[in-house]
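Predicted model, plus sequence, below.
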Amino acid sequence: MRAFKVNHLKLIKAHIPVALVVVLALIYGATEAVAEESSRATDALTEASPSSQVYTDWQVRCDAVQPCRMSQTVAQPATARAILQTRVFKGGDPTLLISVPLGILLSPGWRYRIDGRAEAVLPFEICDTAGCHAGIKLTPDLLEALKRGNRLQITFFDAARTAVEPVVSLAGFINAWEALP
């Protein structure tokens, strides 16, 4: 039995350098593969990273996930919590989309008014984990009113039926609109 153990140990000792070389080669190969994959991921992220420009109170953003859009976020002054996100898409069918937090009263819908113009009332379209959303097509008249206006007043109601009235600045709207591809 002792002879077997000695021969077995000699055999193992003889193969340690070979095994070590194999293990090192595998580690080196794996490291190279991880580095290459990381490099590819970084390149893809760089290609998909958004580009954005700021035009006074509006931001124009283009990325691989969504079409180019201009946007503005309004925060509640007391808490700095975002209470409204406004996005405008140009394309063949220009659209203004709003998003508000969850927990609002849906039945009265939402309202908008540009400066002193008449108020329009519209329904919310969908709520998901990101909030409640609605949109409106930008007719030529509405688009002109946004371009000429100073402020877009949005009104919606919280669960306690209290009006929430964030104001979207229209400063920079024209330049942002013209910057959209």
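Sure, I can see it.

hey, where'd the helices end up in the protein?
For the chain, applying DSSP state H gives helices covering 2-48, 140-148, 173-179.

where does this structure have low pLDDT?
Residue ranges of the chain with pLDDT under 70: 1-50.

And it, split by domain according to the record?
Using automatic domain parsing, the domain parsing of the chain gives 1-49, 51-179.

Just name the most buried of those domains.
Of all these, domain 51-179 carries the top mean neighbour count, a mean of 15, counting by mean count of other Cβ atoms under 10 Å. No exception for glycine: its C-beta is placed from N, CA and C like everyone else's.

and that domain, how far out from the chain's middle?
Domain 51-179 sits 15 Å away from the centroid of its parent chain (Cα atoms, centre = their mean, to the nearest Å).

what about that domain, start to end distance?
12 Å (Cα to Cα, to the nearest Å).

quick one: contacts for the closest residue to residue 170 other than its chain neighbours?
Leaving aside its chain neighbours, residue 170 sits nearest to residue 149 (4.7 Å; criterion: Cβ to Cβ, 6 or more residues apart in numbering). Each residue near residue 149 by Cβ atoms under 8 Å, 6 or more residues apart in numbering is listed here: 114-115, 170, 173.

hmm, 10 Å instead?
Shown in contact with residue 149 (Cβ atoms under 10 Å, 6 or more residues apart in numbering): 113-117, 168-171, 173.

Next, format these as a markdown table and append distance to residue 180.
What follows is the contacts of residue 149, written out as a markdown table (distance: Cβ to Cβ, whole Å):
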| residue | distance to residue 180 |
| --- | --- |
| 113 | 24 |
| 114 | 19 |
| 115 | 23 |
| 116 | 27 |
| 117 | 24 |
| 168 | 17 |
| 169 | 18 |
| 170 | 15 |
| 171 | 17 |
| 173 | 11 |
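
gap between residue 166 and residue 53?
Taking Cβ to Cβ, to the nearest Å as the measure, residue 166 falls 23 Å from residue 53.

With residue 114 instead?
Counting by Cβ to Cβ - residue 114 and residue 53 are separated by 24 Å.

so who does residue 161 touch?
By Cβ under 10 Å, 6+ apart, the neighbours of residue 161 are 105, 107-108.

Distance to residue 72 added to those residues, as TSV?
Converted to TSV, these look like this (distance: Cβ to Cβ, whole Å):
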residue	distance to residue 72
105	23
107	27
108	23
